[in-house]
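> Return a 3D structure for these sequence lines:
(chains A and B)
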Amino acid sequence: LAKTTQPISMDSYEGQEVNITCSHNNIATNDYITWYQQFPSQGPRFIIQGYKTKVTNEVASLFIPADRKSSTLSLPRVSLSDTAVYYCLVGALMNTGFQKLVFGTGTRLLVSP
Amino acid sequence: KAGVTQTPRYLIKTRGQQVTLSCSPISGHRSVSWYQQTPGQGLQFLFEYFSETQRNKGNFPGRFSGRQFSNSRSEMNVSTLELGDSALYLCASSFGSGRADTQYFGPGTRLTVL
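Modelled structure (predicted):
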């Protein structure tokens, strides 16, 4: 079963680039990696999704090495409103044949002025 | 397009009772997944339904069950509530059930068990 771990917290300042890494040592061959942002008392909000190499959208980039055992979410030039908890989500194929969706432990990002 | 809605938003129950939570997915989405979020365990996957069939399930006891209706709306039921069931229950919908299908989350139902 996949064990998905992230740093507990990170601190940054406005305008800096922030990189958050997720380790997923048992990711299934056909699984995608998805990152979410969550504010207090709200459901997670989709940020970006990828399968391999690099994906970029208007808010973030996602880097996935060839072995896919980890992924890195990159937030360019963060602002105060990026203060939130960030989760990675991967699928893990269980021996029952079902996939279990495993969220990372979450990284609390604090952006200061 | 309206987002995922969950009702009720807040719920207080006592031990031993049962509870039913409801989720209405985004229009056109056929997959609904349920998650439990607690400070200690984080976000944990409960189960996923697609076209009224349970496709995936997490590692929760049989007290946790769900179903999906023909209009894709889903309900989750927890019987014989325990104190440890206090959590934020999140529902997410996606167009399909493949791993590349992005899940969109609702605001959650905050369940408190006394």
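> Looking at chain A, which residue is nearest chain B?
Taking Cβ to the nearest Cβ as the measure, chain A has residue A:43 as its residue closest to chain B, at 3.2 Å. (Each C-beta comes from the backbone N, C-alpha and C, glycine too.)
> I'd guessed that residue sits against residue B:105; true?
Yes - using Cβ atoms under 8 Å, residue A:43 is in contact with residue B:105, at 3.2 Å.
> For those two, list the residues in contact with both.
In terms of Cβ atoms under 8 Å, 6 or more residues apart in numbering or on different chains, residue A:43 and residue B:105 are both contacted by the residues B:4, B:90, B:92.
> Mind checking which of these land in strands?
Judged by DSSP state E, the subset of these located in strands is B:90, B:92.
> Type out the PyMOL command that picks the buried ones from the shared contacts of residue A:43 and residue B:105.
Selecting only the buried entries of the shared contacts of residue A:43 and residue B:105 in PyMOL, with 16 or more other Cβ atoms under 10 Å in any protein chain shown as the criterion:
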select buried, chain B and resi 4+90+92
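> In JSON lines, list the shared contacts of residue A:43 and residue B:105 along with pLDDT and distance to chain A.
Formatted as JSON lines, the shared contacts of residue A:43 and residue B:105 follow (pLDDT from 0 to 100; distance: Cβ to the nearest Cβ, whole Å):
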{"residue": "B:4", "pLDDT": "96", "distance to chain A": "7"}
{"residue": "B:90", "pLDDT": "97", "distance to chain A": "5"}
{"residue": "B:92", "pLDDT": "94", "distance to chain A": "7"}
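> contacting residues for residue B:44?
Applying Cβ under 8 Å, 6+ apart, one finds that residue B:44 lies in contact with A:103, B:35, B:36, B:37, B:38, B:58, B:59, B:60.
> so the second one sits right up against residue B:103, yeah?
No - counting by Cβ under 8 Å, residue B:35 stays clear of residue B:103, with 9.3 Å between them.
> what separates the worst-scoring helix or strand of chain A on mean pLDDT from the chain centre, distance-wise?
Here the helix or strand of chain A ranked lowest by mean pLDDT, DSSP states H and E is strand A:99-103, holding a mean of 76. On the basis of Cα atoms, centre = their mean, to the nearest Å, strand A:99-103 sits 14 Å off its chain's mean C-alpha point.
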